[in-house]
Each structure stands twice: as structure tokens, then as C-alpha cells.
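J.: Show me the folded form of this:
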Amino acid sequence: MAHDMTHDSAHAAHDAHYHHGGIRHWLQTTNHKDIGIMYLIFGITMLLMGGAMILGVRAELFMPGLQLMQPEFFNQLITLHGLIMVFGFAMPVATGLANYMLPMVIGAPDMALPRLNNWGFWILPPAAVMLTLPFFLGLANIGPGAVDTGWTMYAPLSLQSGWGMDFAIFAIHMLGISSILGSINVIVTIVNMRAPGMTFMKMPLFAHGFLVTAILLISIMPVFAGGVTMVLMDRHFGTHFFNAAGGGDPVLWQHIFWFMGHPEVYVLLLPITGAIPHVLSAFSRKETYGYKAQVYSMWTIGALAFVVWAHHMFTSGMSVNAQMYFMYSTMLISLPLAVLFFCWIATVWRGALSFETPMLFALGFIILFGWGGLTGLVLADAAADPQYHNAYFMVAHFHYALYPTTVMGSMAAIYYWLPKWTGHMLDEKLGRIHFWIVMLGVNLTFIPQFLVGLSGMPRRIPDYPLMFAEWNKLSTIGAFILGLSHLLFIYIVLKCIREGKKSEDRSWEGATGLEWTVPSPAPYHTFEVQPKIN
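T.: Sure, this is the predicted structure:
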């Protein structure tokens, strides 16, 4: 008996060490759940940092005239906001979801390359420090401050910017390495570690979304790394890749950037298109509609993502033939997206719906992202685009495309799987309040930006005529509401972990989300995660 007690206490000590082993445990862990949690915490931390920066921008734009900052500082804020949100928030949060859930939904014991997984994460914090350090040094009047070129880093601005640009180049290299390592891990895990009998067309949509994303990342990040290395060479080693005075071509940088930048949009979208059907199916008590159609659409989007990049460049002096090609290819990519929308709507159509927090965020994602997609068709028109390009209409469009996917889609997935992760249910009342605050904040922030953009207000400008004042005030109020909603999200998650009521085996009552019944890691014989194929 004493031996049993000793054995039990040893197990308890091991468990305590495993879960609360301090910094050494988190530095060395190869457990996919631990690494997934670290990615999520890092991503949400960067969301708060990038969000605070853009609230500074919105505070400046509350009234006409220069109130709070000089244009140079304004430029640093908008540049870091873009880089942090894309590379510091959206991609790490998606990678965190993949790390935590992917082995569980395909019946694998862990990710295929666990030590590579650990390394991929621990590259991120130094990269974040490198990206933001010049900003904080600039606040202390040490050096010129952060990169101030806009997140697109167009030449010749990027050739003339201060040494914050050099920090950004090396940070991008590190962030790119992290993305590539994570992508290799996802591909190897999905290809080699599926449960026996789980063919590619029996995998959950979650796995398909991340597989396409991983292939996109491995294809585009080396191109971007090469581009920023060429910028570095132009800045310090006397080359003239993008310097027109030396025979280079600044527009070449735009092609390199957008060859990465447009597939990047789908890197941010596809993980969420994989996760959302699970939520919709659970809360409509129906099988996912059009499984094969959704799989083929994801792969089609992945393929077409590589051939539409220059619709970001209609005002750069492209030939008419090139404009026609990129206009039609862009409109073509809206077709598989429309198929996804149809399948999502058909999944909930005439279902036994219940509107718990994850379902609200999933439906909010569909509605707002749909609006982003429709306004994208306007910008895809080569004849209309010069009117809207670099105006606030475009800012509103891409925030309607990216905020619902990266933030609301991630929140839908996190809220949905939170009871499985923590063993506790979230506060449903607070969750619903959070959703409605987010909906109010998003629309109050960005609908006015459509209107001032249509009236001709350019983006990235710290001052504006009096005629735009009322809409900008509304937009700033909406931005602060939206920013505060993220603090409520963090509070809801912490409250769920600490004092939420205990979750059941099937935590969402009556839900058909098949992931609920899968142990973690799932045994190799489980087929509860695979969709039914006729």
C-alpha cells in the first residue's frame, strides 16, 4: 500500500512538473498541445500590440490636423501594425490551432517532427523583438525609429528608410523560417501519420485547410526572403535591383512582394475555412454539406492564388493586356470562394440551429467576410480600381476580408474547442456579449472608411480635410470599441480555465462535432473524426 502511495505521489509529482515545470519545460517541450498553446499566447500578445499601435493611428485621425504625433511616427505605427498583424498574430494563431488540433483530428499521437516544432516556435519571440525594438528605441530618442515604409515596404522608400528597415528585413527572415518549419511539419504529419484507412478524401476539412496553407507558405516565403535580401543588398552593398538611378526597377519589388502578399491572403483564410465547417456542423446538427466540393475549392484557391498577384498593381503602369489577365484571373478565384460560401450556408440551412458563442462567431465570419469578398470584386475591376486604389475604400475592403477570417474565425475555433482543451465551459452570456461588441466595433470602424474612401480620402495620411471629420470620428470610436473587445475575449478565456463549469463528453448539447469523442491522442483505430462519404 505504501508502495502504491509512493507510486501515486511520484505520478502526481511528474504531472505537476509536466504542467508547471517552469520556463525550462516550455523551452524544451515537444508536446504538440504545449507548443500550440505557446503559439496562441504569442499570437494574441502580438494582436494586442499591433492593435494598440493602430489605436494610436485612429486617435490621431479622430480630428483633422496633427494632434498627437508627427507624420514620421504615424508611418511607423501603420507599418508595424500591418507587419505585426500578418506575421506576428494571424500566422502564429493559425499555427497554434494546427499544432493543438491536427494530430487529434487525424488520429496521430503528435506532430511528425516535434523538436523541429519546438524550434519553429522559439524563433518567433526573437523575431518579434527584432521587429519592434527600433520602435521602442525611437520612443527613447535612440535612433530613427521603426520601419516606416508601409507594410508593403515599396522601393524606393525601403532603400532610403532608417536602420529600422534592416531590423525588419532580418525579422522577416526569421518569421519566414518559422513559417516554413511549421509548414514542413504540417505536411509530413498529414501525409505520414493519418489513422489507417483515412484517405485524403476522408480527412476532416480542418486538415485540408492546413495542408493547402502549408504548401502555399513553403512556395512563397523563399521568394519574399529573396526580395528582402535584394533590398538589403541595395541598401548596403551597392547593388541596384530596385534603384532606378542605377538601372534597377522599383516595380520589380512590387511584383516580388505581391507574389508573396496575395497567396498570403489565402494563407490567412484557408485554415479558417477548414475550421469553420466543424463549428457550423456542430451547431446545426447536420453533416457538413458538400465535403468534396469544399476540398476541391480549397485546392483550387491554393492553385489560383499564385496567378492573381498583380491586381494589387493596376496603378503601377501595367500594360492593358496584363491588366485584363489579372482582372479576369482575380474574378475567377471568386468562384471557388463562392462554392465555399454556398456549402457553409447549405450546412446551416434548415438545420436544428442553436446560437452558442462559437456559432455566432462562425456566422459573423461568413457575413462580414462575404462583404469583404464582394467589395474585392469592385477593386478587381481594372477600370474602376484607379478610383479606389490607395483610398480608404481599399483599407475597409481588406479589413473586412482579414479581420473576420483571422480574428473572428480564430475566436470561433478557440471558443468551440476551449471546453475540450480546458475541461471547462465558457461563460455563454459573456461570450455572446463579446460577439455583439465585435460586430458593432467592426462595422462602426470600417463602414465609414468605405464612405470616405469613395469620397476620395487617401490612406496612410495623418491629416485630412474637414469634410471627412464626422466619418473619421465614428471610425475611431468603433476602433476603440473593437480594441477593448479583445480584452473581454482574454477575460472570458481565463475565466473559463479557472472557474468554468465542468464540460461533458459532448460539451455542446446535442452537437454532432465528431472531434468531441476523440481521446487525445486518438488511438489509431478511431474513425470518429472522419466525415461520411457517400
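
J.: How many residues are close by Val188?
T.: Val188 has 15 neighbouring residues, counting by other Cβ atoms under 10 Å. Heads up, the C-betas are built off the backbone N, CA and C, glycines and all.

J.: Determine the set of other helices and strands touching the helix or strand hosting it.
T.: Using DSSP states H and E, the element containing Val188 is helix 164-192. Where contact means 3 or more Cβ pairs under 8 Å, 6 or more residues apart in numbering; DSSP states H and E, helix 164-192 is packed against helix 71-83, helix 91-106, helix 114-122, helix 124-139, helix 205-236.

J.: Any buried residues in that helix, and which?
T.: For helix 164-192, burial by neighbour count (16 or more other Cβ atoms under 10 Å) applies to 164-169, 171-187, 189-190.

J.: what angle sits between that helix and helix 205-236?
T.: For helix 164-192 against helix 205-236, the angle by axes from the mean of the first three to the mean of the last three Cα atoms, to 10 degrees is 150 degrees.

J.: Just want to check the distance between Gly483 and Thr405.
T.: 18 Å (Cβ to Cβ, to the nearest Å).

J.: So the two - more neighbours on which side?
T.: Thr405 (25 against 18).

J.: ok, how many other residues are close to Phe242?
T.: Here the number of neighbours of Phe242 (other Cβ under 10 Å) works out to 25.

J.: swap in Pro263?
T.: Using other Cβ under 10 Å, the number of residues around Pro263 comes to 27.

J.: On the three-state scheme, the residue nearest to it when sequence neighbours are not counted is what?
T.: Among residues not flanking Pro263 along the chain, Ala305 sits closest, at 4.1 Å (Cβ to Cβ, 6 or more residues apart in numbering). The assignment at Ala305 comes out as helix when based on DSSP: H, G, I helix; E, B strand; the rest coil.

J.: Can you show me the helices along the stretch 401-534 of the chain?
T.: Using DSSP state H, counting those that start in this stretch, the helices of the stretch 401-534 of the chain run over 410-422, 428-454, 469-499.

J.: residues in contact with the shortest one?
T.: Applying Cβ atoms under 8 Å, 6 or more residues apart in numbering, the set of residues contacting helix 410-422 from outside is 33, 40, 93-94, 97, 100-101, 272, 275-276, 278-279, 282, 357-359, 361-362, 365, 424-426, 431, 438, 489, 493, 496-497, 500, 503, 507-508, 513, 515-516.

J.: Now do the same for the residue nearest to Pro263: its pLDDT.
T.: pLDDT, Ala305: 95.

J.: quick one: it and Thr347, what's the gap?
T.: Look at Ala305 and Thr347: by Cβ to Cβ, they are 24 Å apart.

J.: picking up where we left off before, which among the contacts of helix 410-422 count as buried?
T.: Here, 16+ other Cβ under 10 Å leaves 33, 40, 93-94, 97, 100-101, 272, 275-276, 278-279, 282, 357-359, 361-362, 365, 424-426, 431, 438, 489, 493, 496, 500, 503, 507-508, 513, 515-516 buried among these.

J.: What distance do you get for the spatially closest residue to Met130 that is not a sequence neighbour to Val93?
T.: Nearest residue to Met130, sequence neighbours excluded (Cβ to Cβ, 6+ apart): Ala171, at 4.2 Å. Separation of Ala171 from Val93 (Cβ to Cβ): 18 Å.

J.: go on, Pro448?
T.: Pro448 is 27 Å from Val93, by Cβ to Cβ.

J.: what do you get for Cys496?
T.: Per Cβ to Cβ, Cys496 is found 17 Å from Val93.
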